[in-house]
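Participant: below are the sequence and a predicted model for it; my questions follow.
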Amino acid sequence: MANKQNFTQEEWTKVLESTMLAGVAVSAAEPSGLWGTLKEGFASSATMAKAKLDPSSNELIKAVIADLETSAGRSAVQEALRKDFTGAKPAEVVQRSLANLREVAAILNAKAPGDAPAFKAWLRLVGQKVAEASAEGGGFLGIGGVQVSDAEKATLADISKALGTSA
């Protein structure tokens, strides 16, 4: 089973960052305003918390979550996100997130082939939960919108393609 020791520091930071980027890509694909963004952020966090408590989660998922709970892990991700996305427009955020997810898929396939399928499926699930968190295109507080917009569906398909998983 893979854990932090299987990766270089740079690779590990990319793996940590991927947990955020699966949701960020979906959020950027169809910006939801303040309330929707808060709901989407909560959905991402809740999906991670659920995986932490799930005894069937693989060791790599647990190692990533444990590292994200540390000050050093959070700082590494914050710095990477700041470096990659400062000044980026939503479309650029989506494309850069997908590029990161492709890179992480290759790292996982090379360094953690046994854990890669479950980890990539989990990243896809994070994106799906973010997409479902807030109705898009509705009126007041998203009422009357669609649960998952066409842009979010397309981004989820792109995430699956980037990770090499099925939708």
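Facilitator: Perfect, I can see it now. Only a predicted model underlies this, so the values are computations on that prediction, with no experimental measurement involved.
Participant: could you use CA atoms for every contact and neighbour count after this?
Facilitator: Noted.
Participant: quick one: low-confidence parts of the protein?
Facilitator: Along the chain, segments meeting pLDDT under 70 span 135-147, 167.
Participant: distance check, the closest residue to residue 105 other than its chain neighbours against residue 72.
Facilitator: Using C-alpha to C-alpha, 6 or more residues apart in numbering and skipping the chain neighbours, the partner closest in space to residue 105 is residue 163 (5.2 Å). Here residue 163 is placed at a distance of 26 Å from residue 72 (C-alpha to C-alpha, to the nearest Å).
Participant: these two: who's more crowded?
Facilitator: With neighbours defined as other C-alpha atoms under 10 Å, residue 163 and residue 72 compare such that residue 163 has more, 27 against 11.
Participant: OK, contacts around the more buried one?
Facilitator: By C-alpha atoms under 8 Å, 6 or more residues apart in numbering, the contact list for residue 163 reads 101-102, 104-105, 120.
Participant: if we go to 7 Å?
Facilitator: 101-102, 105, 120 (C-alpha atoms under 7 Å, 6 or more residues apart in numbering).
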